[in-house]
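> take this sequence and fold it.
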Amino acid sequence: MRASNFIYSLVAASFIETYALRQRGGSSHSAKVAGIVAVHPPTFRYFTKFMRQWEQCPEGRETMDLMPVFSTEEDHDTFKRQLKKQYSDFNFDDHVFTPLISQSVPSGAKPGAWKKLDGLAQVLSHMDGYEFALIFDAEVRLNTCEGFAHLLDNLRKKHVAGIWYGDRVRGRNGMVVDSDDGPVVQNAACSLAPPIKGHRNSAWENCTGNPSVMQKIAQETHGFQIYTWWNELPYVHIDTAQRMFQSWAEFLKITDHSFDEMRTSVSCEQCHVWTNMIPHMQVATSPDQRNIPATSVTGSMGVGHGEIMEIAGRAFEHLMYQLYTVIEGSFHIQDLTSAMRDHRGSSVLERFWYLPEEDRKTVLETIHPLWLPCEVRTKANPHPGRHFPSVLLNFHVDRCASFEHESP
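As a prediction, the model looks like this:
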């Protein structure tokens with residue numbers, strides 16, 4: 001059996017197991033949000049605590065199907081053993097999570113970001129009924145359970161409003177946030193701008209991106225300086241994400257001649273089983289009856305499939321989605337630089353507890369975020385313990401000193 005079919009056999013087994021457990025529990029598929037979480041063995045200790053909270057949150061489980069993405073079936077089994085060891089009464093006979101198994105990470109891709117995209121691609125390729133997806137890391141905890149009852153309405157309102165918020169952060173490279181791979185915002189833009197043959201514009205040395213696309217993003221981001229990363233719970237609209245993946249697929253069909261041959265030649269021995277066992281899955285019976293699967297796109301996000309896909313495999317995943325919506329024209333970016341005093345470090349929400357009180361107030365009243373970082377004691381926040389009932393999740397719990405002493 002080909003490696004790709006073997007991987008999807010494992011995925012199918014996970015889906016079938018979960019669906020069977022769900023049916024025994026007497027519930028039906030009603031959630032409209034898929035919660036996709038990149039999980040790695042070093043983060044198990046954080047995610048087991050979150051799983052315990054999630055098990056005890058019926059409002060959340062009614063609204064969102066939690067889908068941790070594991071690298072291998074062995075990682076999934078190890079996680080289940082660790083969860084059972086830590087919480088001997090954990091209820092595996094109810095629908096608490098739907099495990100996904102990722103494809104092999106393409107050469108050159110960054111596993112943390114890429115696994116979230118691959119999990120999203122599996123939802124886009126094989127599961128219908130979802131309106132939104134969240135894509136986040138495993139270092140999270142539940143801030144409020146009851147608030148999940150309003151998650152879908154809040155996501156719809158934010159999607160209709162069409163605004164991403166950010167400011168011009170003072171990063172390591174002057175006013176441009178950068179990483180080991182170069183300017184973060186510009187890299188994300190490059191991943192979405194198919195190049196014009198033979199064209200290289202000196203205004204953006206990182207790529208040969210289409211100048212009209214790059215110019216539009218440059219204008220919205222004040223020269224790639226406005227940083228929107230994680231300034232809101234990272235959500236994607238499913239139909240929009242489908243279009244983003246299909247734009248990548250069209251690029252691959254033009255630049256990688258083996259891509260179209262590869263995706264049409266791969267058989268689907270599991271399709272009949274999937275559609276019989278899992279009614280909410282959608283699997284087409286022939287290549288002519290479907291778009292190119294999003295999983296074929298993520299499988300090509302690396303070295304050897306063109307500049308665009310190589311950059312996409314290592315760029316910040318939600319930042320790419322945000323900029324795609326800007327290219328489409330459905331979203332615009334609101335610059336908070338003039339409304340705030342502090343612009344040092346990382347994104348607005350990542351540095352939330354280090355902001356002056358007036359800046360935090362501006363953030364809360366303008367963005368109305370659905371998540372915040374784990375609260376820490378800082379000079380700007382000397383008395384931790386505040387509660388924000390509209391905030392569903394806390395992220396970066398690995399950076400919170402109190403985490404190890406908390407009960408789940």
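
> and stretch 366-385, average pLDDT?
Taken as a whole, stretch 366-385 has a mean pLDDT of 84.

> what sits up against that stretch?
Residues from elsewhere that reach stretch 366-385 (C-beta atoms under 8 Å, 6 or more residues apart in numbering): 140-141, 143, 147, 151, 154, 165, 231-233, 334, 336, 339, 348-350, 352-357, 360, 363, 386, 388, 390-397, 399-403. Backbone N, C-alpha and C define where each C-beta goes, glycine included.

> only the buried residues of it, if you could.
Buried residues in stretch 366-385, counted by 16 or more other C-beta atoms under 10 Å: 367, 369-375, 381.

> in the protein, which helix or strand is least confident?
The weakest-scoring helix or strand in the chain, judged by mean pLDDT, DSSP states H and E, is helix 271-277 (a mean of 38).

> immediately after it, which helix or strand?
Along the chain past helix 271-277, the next helix or strand (assigned with DSSP states H and E) turns out to be helix 294-298.

> tell me the helix or strand right after that next one.
Following the chain from helix 294-298 toward its C-terminal end, the next helix or strand by DSSP H and E is helix 307-312.

> helix or strand for the residue nearest to the spatial centre of the chain, which one?
Ranked by distance to the mean C-alpha position of the chain (C-alpha atoms, centre = their mean), the top residue is residue 135 at 2.5 Å. Element membership for residue 135 (DSSP H and E) is strand 132-137.

> for the next helix or strand after that strand, buried residues please.
With elements assigned by DSSP H and E, the helix or strand that comes after strand 132-137 is strand 140-142. Buried residues in strand 140-142, counting neighbours by 16+ other C-beta under 10 Å, are found at 140-142.

> how about stretch 338-357?
Burial within stretch 338-357, assessed by neighbour count using 16+ other C-beta under 10 Å, is assigned to 340, 342-343, 347-355.

> among those residues, which pair sits farthest apart?
Put simply, by C-beta to C-beta the two of the buried residues of stretch 338-357 set farthest apart are 343 and 353, 15.6 Å from each other.

> residues in contact with stretch 332-347?
Counting by C-beta under 8 Å, 6+ apart, stretch 332-347 makes contact with 162-170, 177, 220-222, 226-231, 322, 326, 348, 351, 354-356, 358-359, 362-363, 366, all of which sit outside it.

> who are the contact partners of residue 311?
Contacts were defined as C-beta under 8 Å, 6+ apart; by that measure residue 311 touches 187, 190-191, 206-207.

> residue 298 and residue 105 touch, don't they?
No: applying C-beta atoms under 8 Å, one finds residue 298 not in contact with residue 105, separated by 9.6 Å.

> out of these two, which sits in the busier spot?
Looking at residue 298 and residue 105 with other C-beta atoms under 10 Å, you find the greater number of neighbours at residue 298, namely 30 against 19.

> contacting residues for the more buried one?
If a contact means C-beta under 8 Å, 6+ apart, then residue 298 has 103, 106, 114, 117-118, 121 as its contacts.

> check which helices and strands the host helix or strand of residue 236 sits against.
Residue 236 is located in strand 235-237, with elements delineated by DSSP H and E. Based on contacts counted as 3 or more C-beta pairs under 8 Å, 6 or more residues apart in numbering; DSSP states H and E, the elements that strand 235-237 packs against are strand 132-137, helix 151-161.

> export those to CSV and tack on distance to residue 255 and mean pLDDT?
As requested, the helices and strands packed on strand 235-237 are arranged in CSV below (distance: least, C-beta to C-beta, whole Å; pLDDT from 0 to 100):
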stretch, distance to residue 255, mean pLDDT
strand 132-137, 26, 98
helix 151-161, 31, 98
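
> winner for burial among those?
Mean neighbours per residue, mean count of other C-beta atoms under 10 Å, is largest over the helices and strands packed on strand 235-237 for strand 132-137, with a mean of 24.

> direction included, what does it pair up with?
Note on strand 132-137: by DSSP bridges, its sheet partners are strand 33-38 (parallel), strand 235-237 (antiparallel).

> closest one to residue 64 among these?
Ranking those by distance to residue 64, with C-beta to C-beta as the measure, places strand 33-38 first at 4.2 Å.

> next secondary structure after the closest one?
Past strand 33-38, heading to the C-terminal end, the next element that is a helix or strand (DSSP H and E) is helix 44-55.

> convert that following helix to PDB, retaining C-alpha atoms only.
What follows is helix 44-55 as a C-alpha-only set of coordinates in PDB (Å, rounded to 0.1, in the frame of the first residue of the first chain):
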ATOM      1  CA  PHE A  44       1.100  16.500  26.200                       C
ATOM      2  CA  ARG A  45       1.400  17.700  29.800                       C
ATOM      3  CA  TYR A  46      -0.500  20.900  28.900                       C
ATOM      4  CA  PHE A  47      -3.100  19.300  26.600                       C
ATOM      5  CA  THR A  48      -4.000  16.500  29.100                       C
ATOM      6  CA  LYS A  49      -5.100  19.200  31.600                       C
ATOM      7  CA  PHE A  50      -7.100  20.900  28.800                       C
ATOM      8  CA  MET A  51      -8.700  17.600  27.900                       C
ATOM      9  CA  ARG A  52      -9.900  17.200  31.400                       C
ATOM     10  CA  GLN A  53     -11.500  20.600  31.300                       C
ATOM     11  CA  TRP A  54     -13.000  19.900  27.900                       C
ATOM     12  CA  GLU A  55     -14.500  16.600  29.100                       C
END
